[in-house]
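Peer 1: Turn this into a structure:
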Amino acid sequence: MREIEYSNAFKRDYKKCAVDTLSSSLIEALYFLINDKPLPEKYCDHALTGEWKGFRDCHIQPDLVLIYRKIDDKLELLRIGSHSNLFG
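Peer 2: Next up is the predicted model:
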């Protein structure tokens, strides 16, 4: 099982989200990620390119994106927010 590391940006983003509506979806996605199980297709998980190369994103909700990466035994959560807020 991977250990989760939260970036400061993720912590700020998370506070801005409607936590009550995102909690169960986020917990489910994190379960798959920390246990190295493939995310179900509904999360639209994919690798990022450009300045985000080396990171992945998945859709927790239709317009709520989680940016993360797996390094060694860690799961780094970098950002969470709407597609337009994260990618401009």
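
Peer 1: how about stretch 64-79: buried residues?
Peer 2: Neighbour-count burial for stretch 64-79 flags 64-69, 75-79 (criterion: 16 or more other CB atoms under 10 Å). Just so you know, the C-beta spots here come from the backbone N, C-alpha and C atoms, and that holds for glycine as well.

Peer 1: between those, which is closest to Trp52?
Peer 2: Ranked by distance to Trp52 (CB to CB), these are led by Ile67 at 7.0 Å.

Peer 1: Correct me if wrong, but the closest one is in a strand.
Peer 2: Yes - assessed by DSSP: H, G, I helix; E, B strand; the rest coil, Ile67 belongs to a strand.

Peer 1: Flag every buried residue along the helix-or-strand element of the chain with minimal mean pLDDT.
Peer 2: Sorting the helices and strands of the chain by mean pLDDT, DSSP states H and E puts helix 19-34 at the bottom, at a mean of 86. Within helix 19-34, the residues that qualify as buried are 22, 25-26, 29-30, 33-34, counting by 16+ other CB under 10 Å.

Peer 1: Ala47: which of those residues is nearest?
Peer 2: Taking CB to CB as the measure, Ala47 lies nearest Leu33 of these, at 14.1 Å.
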